[in-house]
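J.: For reference, the sequence and a predicted model appear below.
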Amino acid sequence: MAKDIVSVKDLRVWFPVRRGFIESLLSEEQRFVKAVDGVTFTIKEREIFCLVGESGCGKTTTGKAILRLVEPTSGEVAYFGPGKEQMMKEMVEVALAKERIDEDQAKRILERGGINVRALNKARMKAMRQQLQIIFQDPYESLNPKQSIYDIVAEPLVVNSIGANEAEREERVTKALDDAGLRPPKNFMWRYPHEVSGGQRQRVGVAGALVLDPDFLVADEPVSMLDVSIRSEILKLMLDLRERKGLSFLFITHDLGVAYVFSDRIGVMYLGVIVEMGPTEKVIKNPQHPYTKALISVVPTPDPKDRVDKIILVGERPDPSDVPPGCRFHPRCPFMMDICKVEEPKSVFVSQGHSVSCHLQTTQGAGSS
Amino acid sequence: MALLEVRGLRTYFKTQEGTLKAVDGVDFDLEKGHAMGLAGESGCGKTTAALSIMKLLPANGYIAGGKINFMGQDMARVTGEKLRSIRWRDISIVFQGAMNALNPVKRVGDQIAEPILLHEDVDNEVAMKRVKELFELVGLNPKRVREYPHEFSGGMRQRVMIAMALACKPRLVIADEPTTALDVMIQAQILQLMKNLQRELELAMIIISHDLSVLAETCETLCIMYAGKIVERADSVEVFRNPQHPYTQGLIAAFPNVKGERIMPASIAGNPPNLINPQPGCRFADRCKIAKDICLREEPPLIEVLPKHYAACHFVKPR
């Protein structure tokens, strides 16, 4: 069985809602936008885990919270990948020296493995980010138009003071560009972003993430801004990187079609929580949650013979600062029952590794679980 | 007679490097109450072709040749007041990116009323009444006419854009990537709305998208464009069942299909050609898997391969 690389437990990211002057005088309760509200999953080594959902469901915030690009409010993010032992040892030694923990606790921490990303200080976090990198959505906006491709890709090296001299940096940049499929690297290095095509720009984004030699990548909608005809090239590049470098991915997308062909496991998010999670084949071919079923039914299909009845949900996703009580999905759910308005459904397993949070599972289909 | 007949349309842009032939000889017909899809990669000229019909080209763009026969007038020649009276009254457009197309400091109701007041001899009260009817038509609460664009979500803004396009009861609506920035669920809602409106109001529509599956669900006919030319044109079911041109086949294969087998879709290697100095012969030749010598020398004409199914490829023979 493959080892875990990242585990996320009960992660919450709440943003306080700014109150006006009058409101603060009336001393109303502080409200929060609950972007991520209790998300738990683990990603194994060499695995591609995909978070899908509508915009605003918290999938991007989850990805950013893992890298601490936004600070989580509560919960745990643990990293098990290479490079953690050294850092763990150092941290435990420091803690012991300051007598914050005793020998027993130190032992337990080391045994449990997994470095608590949230507990790292600024300098350590910076070091940690060499292992955890992100690819952004929009290759048209995430690259500085005034920097050459070399400067863009070399920037992480400069920031982290890696590479003794320019020649060493150039070597690493060359390798990253080559890994990202911009071959030969010499032809691309001194060009500017506007001089290359959309697909090549996204490859520059990938090279920028690869240059530090990470083990875990968050890919935030890396193909949604690209033409359909070149999307699969970028997806294949990422599959290839997993083969050659043993990378693991958290892949964030709203496109179930892409999730279906590309990922190993899928988590379907709705309003800050994962409502269904399981192996890709099971989630897409045998969806259990009404939201997943609706999402799959509305994916447009080119072939008229594949057309099925669409479940078009009314309304748009509700406001995450005003989460409905009970099951979050109940105001839009076609199968809503009385219990859904009051009680939040618990996650149950319907088959090996396939879990669903829906009252339909516990009330009717209890036998099948 | 068809509502719109486009023959040999050529739209060029003057640039510093030379003349860019964005649309280079495009023919199609559109009947009343029909929807046609224009598909292709970015930069293939699909938006330019559609904007030429309304003559909404940037300052450096011009119609270099061809005829655009719309209800008996050649839109390629119409100018001035005559053109203004046709725009929005007879042909309207749903722009890409509803956030950038709406004026952020003007109430949405007033923005929709603007073309009504301009084109029809009515007072403000009548116009606002029409706006409320339009809101209901597109599934928005008529009480919200006095709100500003930022108070609406992305999907609702797109509904506002559609209401605006329908304000003067046009005969032809051009929708430029109407659902590209939207989520799948909202996309399904908007597509359903557009299909219903098209049937109810007997609208003719031209829908532009790079997403073939979106067009397949909304359009009766499909034109596949590549590098400024139409390479295949047929009934939309026919295009998917029986694609003839290698480019169309490639585009269809590039789609992941959640209802089918789990296979990585194929991609079309390479980039579209530079349209300032396009290569002679077939423009798709350097990306085509079946290209032979003839493709580099001679340009294939658009021929009728099967009844009402046109394709432009040397290796497709009429049957």
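T.: Ah, there it is.

J.: what helix or strand is the most centrally placed residue in chain A on?
T.: What sits nearest the mean C-alpha location of chain A, by C-alpha atoms, centre = their mean, is residue A:63, with 3.4 Å. Under the criterion of DSSP states H and E, residue A:63 resides in helix A:59-66.

J.: next one: residue B:160
T.: Per DSSP H and E: helix B:154-165 holds residue B:160.

J.: Assign a three-state SS to the residue in the stretch 51-200 of chain A that chain B sits nearest to, would you?
T.: Closest to chain B within the stretch 51-200 of chain A is residue A:54: 4.5 Å, counting by C-beta to the nearest C-beta. Glycine gets a C-beta too; all of them are placed from N, C-alpha and C. Following DSSP: H, G, I helix; E, B strand; the rest coil, residue A:54 is assigned to coil.

J.: ok, it touching residue B:188?
T.: No: the pair residue A:54 and residue B:188 does not pass the contact test of C-beta atoms under 8 Å, sitting 11.4 Å apart.

J.: Output stretch B:309-319 in PDB, but only the C-alpha positions, please.
T.: These are the backbone C-alpha positions of stretch B:309-319, laid out as PDB (Å, rounded to 0.1, in the frame of the first residue of the first chain):
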ATOM      1  CA  HIS B 309     -22.800  17.900 -45.300                       C
ATOM      2  CA  TYR B 310     -19.900  20.000 -46.500                       C
ATOM      3  CA  ALA B 311     -16.200  19.400 -45.800                       C
ATOM      4  CA  ALA B 312     -12.900  20.900 -47.200                       C
ATOM      5  CA  CYS B 313     -10.300  18.200 -47.400                       C
ATOM      6  CA  HIS B 314      -8.500  16.500 -50.300                       C
ATOM      7  CA  PHE B 315      -9.200  13.100 -49.000                       C
ATOM      8  CA  VAL B 316     -12.900  13.400 -48.600                       C
ATOM      9  CA  LYS B 317     -14.800  12.400 -51.700                       C
ATOM     10  CA  PRO B 318     -18.400  13.000 -52.400                       C
ATOM     11  CA  ARG B 319     -20.500   9.900 -52.100                       C
END
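
J.: quick one: average pLDDT of it?
T.: On average, the pLDDT along stretch B:309-319 is 89.

J.: Between residue A:54 and residue B:188, which is the more surrounded one?
T.: More crowded of residue A:54 and residue B:188, by other C-beta atoms under 10 Å in any protein chain shown: residue B:188, with 24 against 20.

J.: could you list every residue that touches that one?
T.: Applying C-beta atoms under 8 Å, 6 or more residues apart in numbering or on different chains, we find residue B:188 in contact with A:298, A:300, A:310, A:312.

J.: Can you name the residues of the stretch 51-200 of chain B that neighbour chain A?
T.: Contact residues, the stretch 51-200 of chain B versus chain A (C-beta under 8 Å from any C-beta of the partner chain): B:153-156, B:183-189, B:191-192.

J.: need those residues in CSV with pLDDT and distance to residue A:11, can you?
T.: What follows is these, written out as CSV (pLDDT from 0 to 100; distance: C-beta to C-beta, whole Å):
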residue, pLDDT, distance to residue A:11
B:153, 83, 26
B:154, 83, 26
B:155, 85, 28
B:156, 88, 31
B:183, 82, 23
B:184, 83, 25
B:185, 84, 24
B:186, 85, 27
B:187, 87, 29
B:188, 88, 30
B:189, 88, 31
B:191, 90, 35
B:192, 89, 35
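
J.: From those, list just the buried residues.
T.: Those of these that meet the buried threshold are B:154-156, B:183-189, B:191-192, by 16 or more other C-beta atoms under 10 Å in any protein chain shown.

J.: Make CSV out of those residues and add secondary structure.
T.: Shown next, in CSV, are those (three-state DSSP):
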residue, secondary structure
B:154, helix
B:155, helix
B:156, helix
B:183, coil
B:184, helix
B:185, helix
B:186, helix
B:187, helix
B:188, helix
B:189, helix
B:191, helix
B:192, helix
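
J.: got the residue ranges for the helices in the stretch 201-319 of chain B?
T.: Using DSSP state H, counting those that start in this stretch, the helices of the stretch 201-319 of chain B run over B:212-218, B:236-241, B:246-253, B:293-297.

J.: Please read the previous query as pertaining to the stretch 251-369 of chain A.
T.: Here the stretch 251-369 of chain A has its helices, by DSSP H, counting those that start in this stretch, at A:256-262, A:280-285, A:290-297, A:338-342, A:359-363.

J.: From the chain's centroid, how far away is the fourth one?
T.: On the basis of C-alpha atoms, centre = their mean, to the nearest Å, the separation between the geometric centre of helix A:338-342 and that of its chain is 30 Å.

J.: Report the buried residues of it.
T.: Neighbour-count burial for helix A:338-342 [16+ other C-beta under 10 Å]: residue A:340.

J.: residues touching whichever residue of the stretch 1-150 of chain B sits closest to chain A, list them.
T.: For the stretch 1-150 of chain B, the residue closest to chain A is residue B:41, as judged by C-beta to the nearest C-beta, at 4.7 Å. Residue B:41 sits next to A:227, A:229, B:210, B:226, B:272 when contact means C-beta under 8 Å, 6+ apart.

J.: The helix or strand where residue A:173 lies: which residues count as buried?
T.: According to DSSP H and E, residue A:173 maps onto helix A:166-179. Buried residues in helix A:166-179, defined by neighbour count with 16+ other C-beta under 10 Å: A:169-170, A:172-174, A:176-179.

J.: Is it correct that residue A:109 falls within a strand?
T.: No: Residue A:109 is assigned helix when assessed by three-state DSSP, not a strand.

J.: Now do the same for the closest residue to residue A:172 other than its chain neighbours: its pLDDT.
T.: Among residues not flanking residue A:172 along the chain, residue A:211 sits closest, at 5.8 Å (C-beta to C-beta, 6 or more residues apart in numbering or on different chains). You'll see residue A:211 listed with a pLDDT of 91.

J.: which phi and psi does residue A:211 have?
T.: Per-residue torsions, residue A:211: phi -60, psi -20 (degrees, to the nearest 10).

J.: Show the contacting residues for it.
T.: A:153-154, A:156-157, A:172-173, A:176.

J.: which among the contacts of residue B:188 are in contact with chain B?
T.: Answer for the contacts of residue B:188 near chain B (C-beta under 8 Å from any C-beta): A:298, A:300, A:310, A:312.

J.: Need these in JSON lines (columns: pLDDT and neighbour count).
T.: Formatted as JSON lines, those follow (pLDDT from 0 to 100; neighbours: other C-beta atoms under 10 Å in any protein chain shown):
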{"residue": "A:298", "pLDDT": "87", "neighbour count": "22"}
{"residue": "A:300", "pLDDT": "80", "neighbour count": "22"}
{"residue": "A:310", "pLDDT": "81", "neighbour count": "18"}
{"residue": "A:312", "pLDDT": "82", "neighbour count": "15"}
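
J.: nearest to residue A:242, of the residues you listed?
T.: residue A:300 (28.5 Å; C-beta to C-beta).

J.: my guess is the closest one contacts residue B:182, does it?
T.: No: Residue A:300 lies out of contact with residue B:182 (C-beta under 8 Å); the separation is 11.9 Å.

J.: Mind listing the shared neighbours of the two?
T.: Here residue A:300 and residue B:182 share no contacting residue, scored by C-beta under 8 Å, 6+ apart.

J.: now the strands: where do they sit in the chain?
T.: I'll assume chain A. Secondary structure of chain A by DSSP state E: the strands cover A:4-16, A:32-44, A:48-52, A:74-79, A:115-116, A:132-135, A:216-220, A:248-253, A:265-270, A:273-279, A:347-351, A:354-357.

J.: was after chain B, sorry
T.: B:4-15, B:18-30, B:35-39, B:61-70, B:73-74, B:91-94, B:172-176, B:204-209, B:221-226, B:229-235, B:303-306, B:309-311.

J.: With distance to residue A:196 and mean neighbour count added, can I get those strands in CSV?
T.: Shown next, in CSV, are the strands of chain B (distance: least, C-beta to C-beta, whole Å; neighbours: other C-beta atoms under 10 Å in any protein chain shown):
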stretch, distance to residue A:196, mean neighbour count
strand B:4-15, 19, 19
strand B:18-30, 19, 20
strand B:35-39, 24, 25
strand B:61-70, 25, 18
strand B:73-74, 41, 14
strand B:91-94, 31, 24
strand B:172-176, 25, 23
strand B:204-209, 25, 24
strand B:221-226, 21, 24
strand B:229-235, 25, 24
strand B:303-306, 36, 15
strand B:309-311, 32, 23
